[in-house]
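Student: build the 3D model from these lines:
(chains A and B)
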Amino acid sequence: MKKVNLFYIFSLLFIAVGCNDAIEIDQPGRLDEDAAFQSVDDLQAGLFGVYNNLDITPEIAFTAVFTDELAIGFDSGGQGFQDYGFTLNAGSATPAVIWTRSYAAINAANRLIEAAEALTPEDGEQALYNNILGETYAIRAYQHFRLQSFFSTDLTDDSALGVIAVDFVPTIDQNLLRNTNAEVFALITADLDKAQSLISTQEDPTFISLDFVKALRARMAAYRQKYAVAGPLAEQLLNKYGLATQEEYEDIWFDDSNAEIIFKLERTIGDSYDQQGATGTPAGEGWLGARFAFVTRGVDGSPYFEIGRSLFNQLDTADVRYDVIVHPSSVVDPDYASGPGAEDNDILVIDKYPGSEGRPLMNDQKIFRSSEMLLILAEARADGGSFNGATNSTASLIKRMRDARFGDDTLLPVYANQTEAFADILEERRIELAYEGHRYLDLKRLGVRANQGVLKDPVDCAFNGACSLSPTDYRFTLPLPIVEFNANPGLREQQNPGY
Amino acid sequence: MKKKLNGILTLLLVFMVQLTFAQERTVTGTVSDSEGLPLPGVNIIIKDTNSGTQTDFDGNYTLRARAGDILVFTFVGYAKNEIAVGGARVINATLDVDAAALDEVVIQGYRSSTKEKSSIASVTITSESIENRPNANFVQTLSGQVAGLNISTSSGQPGASSNINLRGVTSINGNTQPLFIIDGIPVDEGNFRSLNPQDIASISVLKDAGATAIYGNRGANGVVIIETRQGSFNSPLKMTATSILSFNTLQDADYDLLNSQEQLELTRTFGNGRGNDLTDAEIAAAPTTDWLDVFFRTGITKNNTLSLSAGGEKSTVFTSLGFFETEGILKGSDLKRFNVRNNITGRSDDKKFTYGTNVSLNYSKSNEPNAIGGSGINQNFVLGAFQSAPYITPEDYTSGLELTQGLTFLNTPLFLMDKLMNFTRFDEELKILASANAGYKITDDFSANATLSSDYTNEVFTSADRSDSFNAILFGGGANPLAGFQAQQTRRVFTFNQVTSLNYNKTFGDHTIDAGVYTEYFKAHLRSFGYNADGIDLKTFSPGDGAGFVDDNSDNDFFTDQANATIRNAGLFSYFSQVDYDYATTYGITGTVRRDASYRFAESNRWATFYSVAARWNINNEAFMANSIFDVLKLRASYGTAGNQTISGSSYFSAPDLTRNFFGTGGGYAGQNSIFLTQIANNTLRWETVTQANIGIDFEVFNRRLRGSVDGYVKETTDLFQSTPISAINAITLLNANTGTLTNTGVDVSLKYDIIRGGQDGFNMDMFFTGNYNKQELGDIPREGGELIGTGRNGGKLFEYYTIRYAGVNPANGNLLFLTADGDVTENPNADTDRVWLDKNIFPDYNGGFGLNMSYNGFFIQTQFNYVIGVDRYDFDLSGFQSPNNIAQFRNSRDILRAWTPDNRVTDIPALRATNLAGVTSDRYLRNADFLRLRFASFGYNLPKDALDSIGIASLRLFANGENLFTLSEWRGFDAEALSNTSRIYPTPRIISVGVEIGL
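Tutor: Numbering: from 1, shown residues only, chains lettered A, B, ... in the order given. As a prediction, the model looks like this:
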């Protein structure tokens, strides 16, 4: 071999390998910020992304296990024992999940709003553009209100600490402190005003409409005890949507009927929530029914939670809500309180989320129903002192509700005083809105006025002694989560009392 | 003999370029030391050629030479001996100890040196310490053999990868394992299951910056260089066949579990569970099933290797064939492997041009159960084996369908029996490692060299569940009777690496200069795709095949299949230079500079510079040492930097472009296609830098009876890439950033001592010790107070535990007691503010090995003990066995019989109905996992040569060995070694092997 030839070969090896193809690499399939939202259609796709952040699984799961909606099931593997024992602290899952996911939704909304503002819609696209923007504002308001409900000590006090109001895309080094309730509600109200001016859809069960905005205003006003605002809004919606028939009511829970539904989050096969999700923790994202049973509906579906006995005892078999809440395979032991082995002999299986589209346990998440509006109106009446009477009273509204659910004429309630009226509203909400994520907040805001707290049947709490919780207990406000303190230690000073 | 081989040789011709029998005659002999001890591994080279051989275990050699050739005998620590080949066919040689002639080759990255002239901290392990061991993954064999190299294996899955750390962990989030280079090919350190350990000739571990700086941004965690066996020039065909049979069994645990009678009685005491419904007689009659026996087994391993080596005037060849088959101790896990290797070297007539190729083809198939370590009672076999109620029996199993009717946790083992029958999951891997190197001496001083190498790995991963399995029926429900599925994923990775260099080597009197300039180019390509097919028709189904797939239809969305595909590319480019200067083999200095670019930091900090300086002083070569006890005394020192560009996970492809904001498209609300944020940019991203200082001494004393080295080091990682908390208002709560430092300070010690030197047939005994002490210290943590929960605190250990302290059982009421942050006893600690730093973590402070080797007249015994000190792990298995929550449905430890009652107030187990059992995370189950383990023991016999000659066999060795024979530890679980806080994991086995090695 010639020396020279080899020299060329080695030189070639040095030269042939340019370096740039090794160190300047664009990975395929990457979408840059600039290219993400270039048209109104892109904004529409972005809106579907923002919507996908909405999920009330955490409040449904937490409320059920922390209050008196549940008992430990015969097929329990230890799921939810912490929450069931009223153990709630800054390290618990629920505050972390509600805090982080709400802010994730707000962040997504803010990014879409920012992208929309940088875009000028073309002719013919203005209405769609407005709707997208309006719905996004409504989502931002809804998530701020969700945070307020769980983390503010007292929604009726405008000077109390609220949550952090975020109406911009933050930078990663921003660590903010809490705003006052007045400031947060100002942002929410402004967002709802914008939504109302931009949205053109009056009603739509699975997308945000003007009726959604109205329902949110009604609920928010009720939570803030601004009943002069809440009452009329709730009444308008109740009059428009009415109450479901017994047959419709059963169908609602199979997602076969949209009767009395103002807004629900759709859950369908193949979407990102179509999975079992982590069981026994409010952090689980998946089928709603899998918050209570591992596999499917009924006694064979491995229910790790069952209906709390104290709730079951409130149910009347003639009430359609008994059929909706209690699965027919349940084994009811009338003598449950005396015999040993209650875990095995008295099996009360939750059936509110039986599944849909052939998928067991997968159901739409009902956010606003007109029955809630009726109960808000009933609160407004009670608050105003008109709790008795055949018309325009708490009693007449409760009777209207019961008539619909029993499919029969029921007795007009008579209340000795305002406390009794609130107690009956709370009891009716407990049954009507069972497993829908209301009870915890209801006890917090109405418990004192109704003189009620968490009260479990002794059988359900014999093993851990956690039987009752006063509505004034500090644990009716969630603690700010440790996960936020890790980044934002200044916020520790603003931790809610008791934690 | 030759005739018999013809068939095999014909086969092998497929792989060989040429096979040469030279025209020389055979010379044999024995090489021994001045005391008459045979010396194995002595290099014998015919002077002025590259042909030669090595002595075998008994110091014997055979080679072919011409009369007039001069045989040069060299061996580490001995003086060179040259003997001319005359008329004699037997040439015995004696080598005298000579500390001044340490010619053992030390591999130093891109070049080699002699041990004496090496300035770096490195350890080389030869094939003797690796071969004939039963581990599917050779890395497990290295455990305890190299000071500072801590290897722990957390899974008993055959071929499972180990956790490998050299001198402590240097990264929190990124790759912490050394760079592995096999025959010049950089390979994925997580995957060696397809490689045959019997092909390995040597493993060199490079430890200090002097050694690793030349690897730039890949060298931060140390470098392990593996060379496979080669043939020798001008040597006859030599065949070695090895056959090993191993038996793998579960190691012991110390949980003292209840039998059925005790468990059922306990359910009565507890007032919940099956015992409440049974009569005393029924309880007494209940059978006790040991579910360990149902899910675990004695696994059998068969390991066969045939290797052939030969060499002619211009070429050498080494070929090996390997077949390995092992059953894991957990049913459903196994590994089968087939290997072919062909290593060829060649040279030109004038010997100025040399080249070599190393090609190996490796195929493996392993069945790997999934969900190990998980809490799925219908998924994790190990959970079923450990925890299932003893009064359930395998005979209770009927069918998957019946199990879905009346679900109960009690049936956990039956669900898993069903899964064992119906679920299939296997991984097939084809791995082709190929490298080619060439060198050309342009002048006497200059040479040009190039190494091109590639690693092609194709994994096909299959998992399938039958439609009649319990799990399919369970989640399919009545609506979907065809709910089985099959998923397959193909992952192809091709990497190409090229190093080109120009080298200069010149000696002027006492001065020697060795210098080189290099470029390195690295490119890696990932292509993967796969599908998930829902719906299986059993009539035509077989795992891996798609005939039984059910198509999508208009009735429902049950059979909508999912497809996926990924493309990723990665690359590095570097140029670097190294200069080594030696004066009279007494003083030396080596300097290295490397410029390095990584594709990861394209938009932030693309280029980095790494450097090192290393120096040595061979004190024993000084005149004043002439009559000292030291045969060798060398002082080394080095200082320098290396980088870690694999800052997120250990893959080439992870975190490819973290410097940019990204959106993605995909399923959004109600399954609608949507656009959403997927990545928040970090535009300050950079590599992690490890700066290391090292001082070491190599010594040999008492006529080389005691040999060893001691190294002290300080390694500081700066710009640690770690998850840094950010406010939830950013939609995420953690973002990875370069922040903080981590310092590892420690000492490595290696010692070897010949206790008795009895000569060739006499009694020999030697012992060895390797040890490492390593202290970690975090610094500059970017949080208020210098604390980052989950990572540690300034001045503390990495991943230091931060939790509430458990303080025992309250004698008054049986509740758990804890300590507040101030040390006061409480039943209801604050979950946030009562947590404290415990000064404990999972990484060892001390680790290493020691052993004793003996031989007498062909018999030999080897032992190797490993020890680990300073490891604290959570024993969540114990937590389950002591938990009242498990009484009704699982199995408990006898410990729980000590639970607090009003009559038994002073105890370590809380009342079964203690009101604060749930809700407090504490250190209650944090346990010391230090251990001393007989890691390896071997006993064998080399048959005498004269007995073998008559039957035409060159050597015959019979041996038996054992791994993990016993362990002393406070740890109560099955395997103290696992570096994991996960419970219900697959323990590594105890292995007993017998084997035979025949040389022809």
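Student: show me where chain A has strands.
Tutor: With DSSP state E, the ranges of strands along chain A come out as A:31-32, A:70-72, A:261-265, A:305-307, A:355-356, A:359-360, A:365-369, A:454-455, A:468-469.
Student: looking at these, which is buried most?
Tutor: Ranked by mean neighbour count, the strands of chain A are led by strand A:305-307 with a mean of 28 (mean count of other CB atoms under 10 Å in any protein chain shown). C-betas here are computed from N, CA, C, even on glycine.
Student: what packs against that strand?
Tutor: When contacts are defined as 3 or more CB pairs under 8 Å, 6 or more residues apart in numbering or on different chains; DSSP states H and E, strand A:305-307 sits against strand A:70-72.
Student: check whether the strand it packs on comes near chain B.
Tutor: No - using CB under 8 Å from any CB of the partner chain, we find that strand A:70-72 stays clear of chain B, coming within 9.8 Å at best.
Student: can you name every helix or strand that that strand contacts?
Tutor: With 3+ CB pairs under 8 Å, 6+ apart as the test, strand A:70-72 has helix A:81-84, strand A:305-307, helix A:458-461 packed against it.
Student: can you name the residues that contact the residue positioned nearest the centre of chain A?
Tutor: Residue closest to the average C-alpha location in chain A (CA atoms, centre = their mean): residue A:56, at 2.8 Å. Contacts for residue A:56 (CB atoms under 8 Å, 6 or more residues apart in numbering or on different chains) come out as A:265, A:365, A:367, A:437.
Student: could you redo the last one with a cut-off of 6 Å?
Tutor: A:365, A:437 (CB atoms under 6 Å, 6 or more residues apart in numbering or on different chains).
Student: tell me how far it lies from chain B.
Tutor: 14 Å (CB to the nearest CB, to the nearest Å).
Student: and the pLDDT at that residue?
Tutor: On pLDDT, residue A:56 comes in at 97.
Student: hang on, the earlier thing: do you know which of the helices and strands packed on strand A:70-72 lies nearest residue A:388?
Tutor: Between residue A:388 and the helices and strands packed on strand A:70-72, the shortest separation by CB to CB is 31.5 Å, and it involves strand A:305-307.
Student: give me the mean pLDDT for the closest one.
Tutor: 95.
Student: what domains does the record give for chain A?
Tutor: Chain A breaks down by the TED database into domains covering A:38-73+A:81-200+A:471-498, A:286-354.
Student: quick one: the shortest one to chain centroid distance?
Tutor: Read that as domain A:286-354. Domain A:286-354 sits 22 Å away from the centroid of its parent chain (CA atoms, centre = their mean, to the nearest Å).
Student: try the first one
Tutor: Computed by CA atoms, centre = their mean, the chain-centroid distance of domain A:38-73+A:81-200+A:471-498 equals 11 Å.
Student: start to end distance for it?
Tutor: For domain A:38-73+A:81-200+A:471-498, the separation between the terminal residues is 49 Å (CA to CA, to the nearest Å).
Student: same question for the shortest one.
Tutor: Domain A:286-354 stretches 14 Å from its first residue to its last (CA to CA).
Student: got the residues of the stretch 701-850 of chain B near chain A?
Tutor: Proximity of the stretch 701-850 of chain B to chain A, by CB under 6 Å from any CB of the partner chain, involves residues B:725-731, B:733, B:735, B:784, B:831-832.
Student: give me the buried subset of the residues you listed.
Tutor: Among those, the ones that count as buried by 16 or more other CB atoms under 10 Å in any protein chain shown are B:725-731, B:733, B:735, B:831-832.
Student: got those residues as a markdown table, with distance to residue B:185, secondary structure and pLDDT columns?
Tutor: Below are those laid out as a markdown table (distance: CB to CB, whole Å; DSSP: H, G, I helix; E, B strand; the rest coil; pLDDT from 0 to 100):
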| residue | distance to residue B:185 | secondary structure | pLDDT |
| --- | --- | --- | --- |
| B:725 | 40 | strand | 84 |
| B:726 | 40 | coil | 89 |
| B:727 | 45 | coil | 92 |
| B:728 | 45 | helix | 94 |
| B:729 | 47 | helix | 94 |
| B:730 | 42 | helix | 91 |
| B:731 | 42 | coil | 90 |
| B:733 | 40 | coil | 90 |
| B:735 | 35 | strand | 86 |
| B:831 | 51 | coil | 77 |
| B:832 | 50 | coil | 76 |
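Student: how does chain B divide up, domain by domain?
Tutor: Here the domain parsing of chain B from automatic domain parsing is B:2-98, B:244-801+B:838-875+B:925-999.
Student: least reliable of the domains of chain A going by mean pLDDT?
Tutor: Across those, domain A:286-354 gives the lowest mean pLDDT, at a mean of 89.
Student: show me which residues of the stretch 151-300 of chain A are close to chain B?
Tutor: A:166, A:170, A:172, A:175, A:266, A:268-272, A:295-296, A:300.
Student: and those residues, which is closest to residue B:761?
Tutor: Of those, the one sitting nearest to residue B:761 (CB to CB) turns out to be residue A:295, at 71.2 Å.
Student: burial of the closest one, as a residue count?
Tutor: Other residues within reach of residue A:295, judged by other CB atoms under 10 Å in any protein chain shown, total 24.
Student: in this structure it contacts residue B:476, no?
Tutor: No - at 10.3 Å, residue A:295 does not count as touching residue B:476 under the criterion of CB atoms under 6 Å.
Student: show me the contacts for the residue of the stretch 451-600 of chain B found nearest chain A.
Tutor: Nearest to chain A, among the residues of the stretch 451-600 of chain B, is residue B:571, at 3.0 Å (CB to the nearest CB). Residue B:571 sits next to A:22-23, A:25, B:523, B:599 when contact means CB under 6 Å, 6+ apart.
Student: name the nearest residue to residue B:809, ignoring sequence neighbours.
Tutor: residue B:910 (4.9 Å; CB to CB, 6 or more residues apart in numbering or on different chains).
Student: again, but for residue B:456
Tutor: For residue B:456, the spatially nearest residue (CB to CB, 6+ apart) is residue B:432, at 4.5 Å.
Student: where does the one you found land in three-state SS?
Tutor: Three-state assignment for residue B:432 (DSSP: H, G, I helix; E, B strand; the rest coil): strand.
Student: so, low pLDDT: which residues of the stretch 651-800 of chain B?
Tutor: Along the stretch 651-800 of chain B, the model assigns pLDDT under 70 to residues B:784.
Student: quick one: the strands in it?
Tutor: B:662-667, B:673-679, B:688-701, B:706-718, B:721-725, B:734-738, B:741-756, B:763-779, B:787-788, B:792-793 (DSSP state E, counting those that start in this stretch).
Student: quick one: which of these is nearest residue B:89?
Tutor: Using CB to CB, the strands of the stretch 651-800 of chain B put strand B:763-779 closest to residue B:89, at 28.8 Å.
Student: so that closest one versus strand B:706-718, what angle?
Tutor: Taking axes from the mean of the first three to the mean of the last three CA atoms, to 10 degrees, one finds strand B:763-779 and strand B:706-718 inclined to each other by 20 degrees.
Student: next, the buried residues of strand B:763-779.
Tutor: B:764-766, B:768-774, B:776-779.
Student: now, which of those sits nearest residue A:87?
Tutor: The closest of the buried residues of strand B:763-779, once distances to residue A:87 are taken by CB to CB, is residue B:778, at 31.2 Å.
Student: confirm for me that residue B:412 is in contact with residue B:376.
Tutor: No - Residue B:412 is not in contact with residue B:376 according to CB under 6 Å; the separation is 9.7 Å.
Student: with neighbour numbers in mind, choose between those two.
Tutor: residue B:412 (24 against 16).
Student: thinking again about what came up before, just flag the most distant two among the residues of the stretch 151-300 of chain A next to chain B.
Tutor: A:175 and A:300 (50.0 Å).
Student: could I get the full set of strands for the stretch 851-1000 of chain B?
Tutor: B:859-869, B:872-874, B:926-928, B:931-942, B:955-963, B:967-969, B:989-999.
Student: thank you, goodbye.
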